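Visitor: This is a predicted model, with the sequence first.
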Amino acid sequence: MAFIVLAQCLSTSLWFSPSGVADSLMRDWQLSAAAFSWLLAATQLGFIAGTLAFAFSGAADRFQPTRIFVVCSLLGALANAAVTWGVTDYGLFWSLRFVVGMCLAGIYPLGMKMLVQRVGSKPAAALGWLVGMLTLGTAMPHALRALGQSWPWPEVLLGSSVLALVGAVLVGWMGQAPKQSSSAQPMAPPATPVRLNTQALREVIAVRGFRASALGYFGHMWELYAFWSVLPWLSLPIARALAEPGERLASSVAWISFAVIGIGFFGCVLGGLWSRRVGSAKVAASALAASGLMCVGYPFIPDSWPLLQLGALLFWGVCVVADSPQFSAMSSQYAPPQWLGSALVLQNGVGFLITVLSILLLGWAVQHWGSMALWLLAPGPALGLWALRPLLKPSSLKESLP
């Protein structure tokens with residue numbers, strides 16, 4: 001399990017690698033805030049395309065997940081690094097980020113499948129570690145930027161590619177999942193490869209527990225990546241207020257962004273441990289409620305209180321992602337076992353389509369409304385809480401268990 005979660009951290013550093021160098025990248029490429037938001041959206045759109053391809057081709061359940069993970073990490077590292085090889089056309093840059101997103105579709109959901117296959121029928125705590133590592137991977141470009149203050153943006157992107165290569169090596173060295181005993185209750189696909197066709201899709205969606213978990217996940221995704229995408233902007237007034245004389249502002253912004261995203265690791269891990277006592281649905285509902293309150297309350301904190309702003313962002317960083325592994329755990333519990341991989345990648349694909357809309361909307365809104373634009377994120381947690389109601393009463397879902 002340790003190799004899977006570490007490889008997930010390293011390979012997913014490809015995801016937001018442009019965010020870690022947003023200032024220098026926008027300056028050198030003369031990009032507007034909207035154009036930069038579309039670069040981030042390219043990765044999300046590529047991820048959506050990749051998840052749909054994996055789901056409807058059946059590849060997620062027909063091939064060994066370790067092989068898919070390794071190949072996608074290698075290709076993603078190559079596409080991410082290719083931007084630094086003399087590329088000057090924005091369209092080509094956008095296309096390469098789209099390819100990176102497609103490769104991530106073989107890293108994140110397949111990493112979840114590898115872990116579920118190894119830990120059996122109660123994966124919430126283990127998935128907490130996995131998504132926590134994904135969170136650290138997302139924060140990694142900000143750390144690379146802060147550590148290499150004088151590095152130009154190509155070096156930071158290349159650093160993310162090197163990390164992804166190491167992730168591929170780790171999973172390749174780990175090999176396939178060992179055969180599990182009957183007592184482990186493995187969740188493995190059948191021997192005959194299947195595709196997520198129209199009939200199978202209807203059967204997956206018809207499972208009430210899976211449907212409730214997926215809808216809750218969609219509400220969570222409306223908030224998560226949009227919040228992460230504007231963190232450099234939210235961190236800027238805090239860095240200006242707290243930076244020491246002579247300290248580089250870009251470094252302070254990078255450290256704050258890294259801390260706010262990275263602290264989500266503890267939310268994921270602690271939420272996974274807590275779920276053993278109260279269940280995944282209650283952990284997810286608590287995280288959604290807390291982050292929803294931050295969507296509404298943060299704009300009321302004045303810039304003259306930078307320490308309070310920083311504390312609020314750190315708290316938000318813990319809550320905003322703590323529910324993610326719980327949704328994955330619930331979906332893996334209720335999804336039909338023969339379509340486990342396809343159901344997970346399909347859920348991820350729809351969720352990331354939602355992130356494209358919220359990232360673009362929030363990227364535009366903060367330029368016009370300032371921090372009040374964060375109110376646009378609040379409907380996500382609200383929808384998630386509404387969708388979770390059946391899962392908070394497990395007795396009503398006995399018929400939904402596969």
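Guide: The structure has been received and is ready for your questions.

Visitor: My guess is residue 309 contacts residue 299. True?
Guide: No. Shown here, residue 309 and residue 299 do not form a contact pair, counting by C-beta atoms under 8 Å, at 10.5 Å. (Each C-beta comes from the backbone N, C-alpha and C, glycine too.)

Visitor: So which of these two has more stuff around it?
Guide: The residue with more neighbours, out of residue 309 and residue 299, is residue 309; 22 against 15, by other C-beta atoms under 10 Å.

Visitor: does that one sit in a helix or strand, and which one?
Guide: Here residue 309 is covered by helix 306-322, with elements defined by DSSP states H and E.

Visitor: outside of that helix, which residues touch it?
Guide: Residues outside helix 306-322 that contact it (C-beta atoms under 8 Å, 6 or more residues apart in numbering): 131, 135, 223-224, 227, 231, 234-235, 237-238, 241-242, 256, 259-264, 266-268, 270-271, 283, 287, 290-291, 294, 297-298, 301, 303.

Visitor: PyMOL command to pick out the buried ones of those residues?
Guide: Selecting the buried subset of the contacts of helix 306-322 in PyMOL, with 16 or more other C-beta atoms under 10 Å as the burial test, is done by:
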select buried, resi 131+135+223+224+227+231+234+235+237+238+256+259+260+261+262+263+264+267+268+271+283+287+290+291+294+298+301
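
Visitor: which ones among the contacts of helix 306-322 are found in helices?
Guide: Assignment to helices by DSSP state H places the following of those there: 131, 135, 223-224, 227, 231, 234-235, 237-238, 241-242, 256, 259-262, 264, 266-268, 270-271, 283, 287, 290-291, 294, 297.

Visitor: The helix holding residue 309 vs helix 231-242, what angle?
Guide: Relative orientation of helix 306-322 with respect to helix 231-242: 150 degrees, computed using axes from the mean of the first three to the mean of the last three C-alpha atoms, to 10 degrees.

Visitor: Now do the contacts for residue 355.
Guide: Neighbour list for residue 355: 44, 221, 222, 224, 225, 226 [criterion: C-beta under 8 Å, 6+ apart].

Visitor: What's the local residue count around the residue nearest to it when sequence neighbours are not counted?
Guide: Using C-beta to C-beta, 6 or more residues apart in numbering and skipping residues adjacent in sequence, the residue nearest residue 355 is residue 225, 4.1 Å away. Close neighbours of residue 225, defined as other C-beta under 10 Å, add up to 25.

Visitor: Residue 225 contacts residue 359, doesn't it?
Guide: Yes. Taking C-beta under 8 Å as the contact criterion, residue 225 and residue 359 are neighbours in contact, 6.0 Å apart.

Visitor: which residues are common contacts for those two?
Guide: Listed as contacting both residue 225 and residue 359 by C-beta under 8 Å, 6+ apart are residue 44.

Visitor: Hmm, which of the contacts of residue 355 is lowest in pLDDT?
Guide: Among the contacts of residue 355, residue 44 carries the weakest pLDDT, at 84.

Visitor: That one reaches residue 360, doesn't it?
Guide: No. Look at residue 44 against residue 360 with C-beta under 8 Å: they stay out of range, at 9.6 Å.

Visitor: Looking at the two, which is more packed in?
Guide: Taking other C-beta under 10 Å, residue 44 and residue 360 do not tie; residue 44 has more neighbours (27 against 18).

Visitor: so who does the more buried one touch?
Guide: Shown in contact with residue 44 (C-beta under 8 Å, 6+ apart): 101, 225, 352, 353, 355, 356, 359.

Visitor: try 6 Å
Guide: 352, 355, 356 (C-beta atoms under 6 Å, 6 or more residues apart in numbering).

Visitor: what do you get for residue 104?
Guide: Per C-beta under 6 Å, 6+ apart, neighbours of residue 104: residue 47.

Visitor: ok, residue 134 to residue 57 distance?
Guide: 24 Å (C-beta to C-beta, to the nearest Å).

Visitor: Please identify which of those two sits among more neighbours.
Guide: Neighbour comparison, residue 134 and residue 57: the larger count goes to residue 134, with 28 against 15 (by other C-beta under 10 Å).

Visitor: if I look at the nearest residue to the more buried one once chain neighbours are set aside, how far off is residue 336?
Guide: Take residue 134 and drop its neighbours on the chain: the residue closest to it by C-beta to C-beta, 6+ apart is residue 12, 4.8 Å away. The gap separating residue 12 from residue 336 is 27 Å, by C-beta to C-beta.

Visitor: ok, now residue 137?
Guide: Using C-beta to C-beta, residue 137 is found at 30 Å from residue 336.

Visitor: Could you do residue 344 as well?
Guide: Computed with C-beta to C-beta, the distance linking residue 344 and residue 336 is 12 Å.

Visitor: Specify which residue of these two has the higher count of neighbours.
Guide: residue 344 (25 against 16).

Visitor: What values do phi and psi take at residue 84?
Guide: Summarising the backbone geometry of residue 84 under the convention degrees, to the nearest 10, its torsions are phi -90, psi 0.

Visitor: count of neighbours near it?
Guide: Other residues lying near residue 84 total 15 when counted by other C-beta under 10 Å.

Visitor: distance of the residue nearest to residue 380 when sequence neighbours are not counted from residue 279?
Guide: Closest residue in space to residue 380, ignoring its immediate chain neighbours: residue 222 at 3.0 Å, by C-beta to C-beta, 6+ apart. Taking C-beta to C-beta as the criterion, residue 222 is separated from residue 279 by 23 Å.
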